[in-house]
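1. sequence plus the predicted model coming up.
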Amino acid sequence: MDKKDYLNKLKTVDLRPDKIQIKEFKPTILNEVPYDNERESLLELFVQAKEIESMSPGPQRDVQILRLSMIAELDASNLYEKLATLSSDERVTKVLLDVSQEEKVHAGEFETLMEEIDPEYEKAEEEGEKEVEDLLGI
């Protein structure tokens, strides 16, 4: 199944009955509030996971798995932070921010593993650190 067919299949799936309905790739959540960007981002993660599944097992596949995992964790963290700003209940906000922080820790775990299995990643990270230090005079 190619990417286009996979996306078309996802468009017709009711992922959470009574909560999310996907119609013509314009999903709605709860009270019919449009939520296009986040939903499209989530669907794209599933499409990318399907593409990774088609790769031969090995180091390159593992690198792609870790990259996608980091993206998913940071997307989740951003979503929880956004939702925390919308809540009027202090308890909900507190828990959302705590879970958001946990997602950042998860992303850090994947990044640590990425440094271990992809020497180019670690090299690029070190170069980036040096550029920031030079730019900021640290």
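-> Yep, that arrived. These numbers were taken from a predicted model, which means no experiment stands behind them.
2. state the helix or strand in which the closest residue to Y80 other than its chain neighbours lies.
-> Excluding its sequence neighbours, the residue lying closest to Y80 (Cβ to Cβ, 6 or more residues apart in numbering) is S100, at 3.9 Å. C-beta: built from backbone N, CA, C; applies to glycine. Using DSSP states H and E, S100 maps to helix 90-117.
3. got the buried residues for that helix?
-> The neighbour-count check on helix 90-117 (16 or more other Cβ atoms under 10 Å) flags T93, L96, L97, V99, S100, E103, H106, A107, F110, E111, L113, M114 as buried.
4. mind listing what the residue nearest to Y80 touches?
-> Neighbour list for S100: A76, S77, N78, Y80, E81, A84 [criterion: Cβ atoms under 8 Å, 6 or more residues apart in numbering].
5. can we see that at 10 Å?
-> Going by Cβ atoms under 10 Å, 6 or more residues apart in numbering, S100 touches L74, A76, S77, N78, L79, Y80, E81, K82, L83, A84.
6. just V63 next, same as before
-> I52, L113, M114, I117, D118, E120, Y121.
7. how about 7 Å then?
-> For V63, the contacting residues are I117, D118, by Cβ atoms under 7 Å, 6 or more residues apart in numbering.
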